[in-house]
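>>> quick one, what's the 3D model for this:
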Amino acid sequence: MIKDIMNANDSATPNSREMAVLKENFPSCFKADGSFDIERFKEFLSDKIAVTGEGYELKFLGKNYARLLASIDTTTVVVPDEEHNSKPENMNSENIYISGDNLDALKHLLKSYSRKVKMIYIDPPYNTGTDGFVYNDNFKFTVEELSEKLSISEEQAQRILDLTKRGSASHSAWLMFMYSRLLLARDLLTTDGVIFISIDDNEQSNLKLLCDEVFGEQNFVEQIIWRKKSGGGQQDDYFVTEHDYIVCIARDKVYFSLNEKTITKSSNSYNKVDPDTKKKFKQIKLAKWGSAAHKEDRPTMYFPIIDPDGNDNYPIAPDGRPGRWRYGKASIERLIAENKIIFEKINGEWVAYEKEYEPTEDDISILKERSIFYDLVENTSGAKELTELFGTKDVFDNPKPTDLLLHLSLLVFGEGERGIILDFFSGSASTAHAAIRLNVEYNRNIRFICIQIPDKLDSENSSQIKAFNFLIENDLPTTLDYIGMERIIRAAKAIKEEFPDTTSDLGFKHYTLVEPASDTLDKLEKFDPTENKLFADKDILSDFGKPTVLATWLVRDGYGLTADAEELNFAGYNGYYIGKHLYLIDPELSNKAIEAIVVKYETDGSFNPENVVLFGYSFTWTEMEALKINLKRLKDTEKNLRINFDIRY
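A predicted model of the protein is given here:
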């Protein structure tokens, strides 16, 4: 497992990933000693491409280092949050939230989700100088090692290490940070997939060039202008900056297409007809209550309106708790004047609702006509959304509004379509929130994968104090990932209240990526299977834990993070079976258990795992040899099985 990866990483080079692709597709271009024959390769290309010695390209300090980081495998393990994942709303969920460095997470995902993600949206650090971006990584290359791996001088190697070890917010540092991640992300996209990247003027031009390098400039689709606010400009020296950009790049533009229209919500939800206008509408509760909508939080939104009996009607929950209205007094008065508020009597009490009319053809944005999202600013605010969910302001800086993410998602996913949305800079989890809304309100079947590094929040940092206090008040760990997870939980609860009959997946599985402790790594380094023929090292399994070993292997072998292996009992010994793999993790594999495994193969027609995988530290040499010898018997049976015996360290 980890030891195997560490050994493989020692020989990794910046072009390891690319060379593996060439070896698979152009084996005749490799000589007997493994070297690449560039002249032979040119012959394959000669009738299509003019090979030149010079060309246009993006250069920056650390470019090859970034490619090296994309080539080496992660040594982190996948730790399932068993308490969270076993809750009824989560146990069958196909949504995923990963706490960990996104570089490590992308490497894990590639083993199970390569070419399976239809849409990626990311909102990376903008490198403004005030957004807290500083490049740091935990790779422990020496100057000499890096010089040898990258074939550069030690002086150049030192300059790169200065960026990575001492921290930097330079353009080179930002490009190095993004390059390795985009290289991996590209391989997750389906053939017709697309990536949307939010950015501002600080790195917009560099991002465009970087995407041309990673995806090919022929796959550039559009640089969308998103008008994020109206007015302001106190911080601007010359022009008022009201917009950001969203760079849109296809995996392969030949196969990529956009839905021409952002389709309206399912007509099934607009189940009432206004007798005056004859328009279809649906009812939305005008009042909010619960943990995120106390009267005390927004006193200006707690006031009476007149009900049909002529009495004052306040935003009171069915159990008597005071809440608040969704809007302020001026907005409520406007809705009353426009006849957009109706009352229904429930359990003898009048309950106020807002009418939301079904959009007409004229209301539907036809995106092919423009690349400026100027119509999304008027009634949409990510900060306001988060405040309503959390009941407190400024927990997270500049969260993206879910309407923006919905707008993008509806361009990609058609009615009833199934697919995956990935956000590997999840932040406040706007993307996950939007995905839930997309499924419930727009009849899609989308799964989300969100990744967020669990940065520790600092109670002494003025920009983090509100987030820190919010987590403390809610008895949650004070790391940034818990802001996103709490947002998903609260958003799902609010959507369930609004759409009680929905059968959409409102939960998520949670996993944390963990680097093994130094003493565990020492044990791995010292363990020598050739010298430990009589004794297994049971401590190593206890250091990781069986759920972690199994989850890490399931992802590695292509089954994904939400797969469940079947637990089988072999004469008192538990193994785990899924697809083509039988996993043996626990120590003390008896001869009776080995015989039971062989009998299972021989007598159960549905049991045919081609790979028997062992956690090498759990088994003695004698146990492994006995299992190997007995499994060879299966070659002479009716099944004629040839079992791949895979011992992982």
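
>>> use CA for all of it now, contacts and neighbours both
Will do.

>>> can you pull the contacts of the nearest residue to residue 256 once chain neighbours are set aside?
Of all residues not flanking residue 256 in the chain, residue 192 sits nearest, at 4.6 Å (Cα to Cα, 6 or more residues apart in numbering). Residue 192 is in contact with 118, 250, 251, 252, 253, 255, 256, 257, counting by Cα atoms under 8 Å, 6 or more residues apart in numbering.

>>> tell me which of these is nearest to residue 387?
Among those, residue 118 lies closest to residue 387 (Cα to Cα), at 30.4 Å.

>>> any idea how far the nearest residue to that closest one once chain neighbours are set aside lies from residue 250?
The shortest distance from residue 118 to any non-neighbouring residue, by Cα to Cα, 6+ apart, is to residue 193 (4.4 Å). The gap separating residue 193 from residue 250 is 6 Å, by Cα to Cα, to the nearest Å.

>>> please apply the same query to residue 59.
With distances taken as Cα to Cα, residue 59 is found 23 Å from residue 250.

>>> just residue 97 next, same as before
Using Cα to Cα, we find residue 97 at a distance of 25 Å from residue 250.

>>> that older thread, so the residue nearest to residue 256, which of the three states?
Here residue 192 is recorded as strand under DSSP: H, G, I helix; E, B strand; the rest coil.

>>> just the pLDDT for it.
We have a pLDDT of 95 for residue 192.

>>> ok, it to residue 6 distance?
As judged by Cα to Cα, residue 192 and residue 6 stand 35 Å apart.

>>> still on that earlier bit, so the residue nearest to residue 118 makes contact with residue 121?
No - between residue 193 and residue 121 there is no contact under Cα atoms under 8 Å: 11.2 Å.

>>> circling back: between residue 59 and residue 250, which one's more packed in?
Using other Cα atoms under 10 Å as the criterion, residue 59 and residue 250 rank with residue 250 on top: 27 against 12.

>>> and the more buried one, bridged to which residues?
Note on residue 250: beta-bridge partners residue 194, judged by DSSP bridges.

>>> ok, now how distant is it from residue 17?
21 Å.

>>> what does residue 222 give?
From residue 222 over to residue 17 (counting by Cα to Cα), the distance is 28 Å.

>>> ok, those two, which is more surrounded?
Legend: neighbour count by other Cα under 10 Å for residue 222 and residue 17, higher for residue 17 (17 against 14).

>>> surely the more buried one is in a strand?
No - using three-state DSSP, the assignment for residue 17 is helix, not a strand.

>>> give me the most central residue, the protein.
The residue lying closest to the centre of the chain (Cα atoms, centre = their mean) is residue 450, at 2.6 Å.

>>> do you know how far residue 212 is from residue 183?
Taken as Cα to Cα, the span from residue 212 to residue 183 is 11 Å.

>>> more neighbours: which of those two?
Set residue 212 next to residue 183 and count neighbours by other Cα under 10 Å: residue 183 wins out with 21 against 17.

>>> for the more buried one, give me the pLDDT.
Per-residue confidence (pLDDT) for residue 183: 96.

>>> verify the contact between it and residue 70 for me.
Yes - counting by Cα under 8 Å, residue 183 does reach residue 70; the two are 6.9 Å apart.

>>> re earlier: phi, psi of the residue nearest to the centre of the chain?
phi -120, psi 140 (degrees, to the nearest 10).

>>> SS state for the nearest residue to residue 572 once chain neighbours are set aside?
Take residue 572 and drop its neighbours on the chain: the residue closest to it by Cα to Cα, 6+ apart is residue 593, 7.0 Å away. Here residue 593 is recorded as helix under three-state DSSP.

>>> okay, now the unreliable bits of this structure?
28, 42-55, 230-236, 260-269, 290-298, 318-319, 359-372, 374-380, 532-535, 637-639 (pLDDT under 70).

>>> so where do the strands sit in the stretch 301-450 of the chain?
305-306, 312-313, 324-325, 341-346, 349-357, 372-373, 418-423, 445-452 (DSSP state E, counting those that start in this stretch).

>>> so what secondary structure elements neighbour the fourth one?
What it means is strand 341-346. Contacts defined by 3 or more Cα pairs under 8 Å, 6 or more residues apart in numbering; DSSP states H and E place strand 341-346 against strand 349-357.

>>> who touches both of residue 193 and residue 250?
Counting by Cα under 8 Å, 6+ apart, the residues touching both residue 193 and residue 250 are residue 256.

>>> want to try a markdown table for the strands of the stretch 301-450 of the chain, with distance to residue 613 as columns?
Below are those laid out as a markdown table (distance: least, Cα to Cα, whole Å):
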| stretch | distance to residue 613 |
| --- | --- |
| strand 305-306 | 68 |
| strand 312-313 | 66 |
| strand 324-325 | 58 |
| strand 341-346 | 60 |
| strand 349-357 | 56 |
| strand 372-373 | 52 |
| strand 418-423 | 29 |
| strand 445-452 | 28 |
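
>>> which among these is found nearest to residue 36?
Per Cα to Cα, nearest to residue 36 of those: strand 418-423, 35.4 Å.

>>> can you list the strands that that closest one pairs with?
Assessed with DSSP bridges, strand 418-423 is paired to strand 117-122 (parallel), strand 445-452 (parallel).

>>> please save the CA atoms from the first one in PDB.
Listed in PDB are the C-alpha atoms of strand 117-122, where the atom choice follows Å, rounded to 0.1, in the frame of the first residue of the first chain:
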ATOM      1  CA  VAL A 117     -17.000  13.600 -14.300                       C
ATOM      2  CA  LYS A 118     -19.300  15.600 -16.600                       C
ATOM      3  CA  MET A 119     -18.700  19.000 -15.000                       C
ATOM      4  CA  ILE A 120     -16.000  20.600 -12.900                       C
ATOM      5  CA  TYR A 121     -16.500  24.000 -11.200                       C
ATOM      6  CA  ILE A 122     -13.800  25.500  -9.200                       C
END
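
>>> now do the buried residues in that strand.
117, 118, 119, 120, 121, 122 (16 or more other Cα atoms under 10 Å).

>>> circling back to that earlier point, so which of the contacts of residue 192 wins on neighbours?
The most crowded member of the contacts of residue 192, judged by other Cα under 10 Å, is residue 250 (27 neighbours).

>>> most packed of the strands of the stretch 301-450 of the chain?
The highest average neighbour count among the strands of the stretch 301-450 of the chain, using mean count of other Cα atoms under 10 Å, belongs to strand 324-325 at a mean of 26.

>>> just checking, what packs against that one?
Counting by 3+ Cα pairs under 8 Å, 6+ apart, strand 324-325 packs on strand 287-288.

>>> off-centre distance for the strand it packs on?
Distance of strand 287-288 from its chain centroid, counting by Cα atoms, centre = their mean, to the nearest Å, is 32 Å.

>>> same check on stretch 18-37?
33 Å.

>>> nearest to residue 345, of the strands paired with strand 418-423?
strand 445-452 (34.6 Å).

>>> residues in contact with that closest one: which ones?
94-102, 105, 416-427, 429, 431-432, 435-436, 438-439, 480-481, 504.

>>> of the residues you listed, buried ones?
94-102, 105, 419-427, 429, 431-432, 435-436, 438-439, 480-481, 504.

>>> helices - which of those residues land there?
Counted as lying in helices by DSSP state H, out of the buried ones among the contacts of strand 445-452, are 102, 105, 431, 432, 435, 436, 438, 439, 481.
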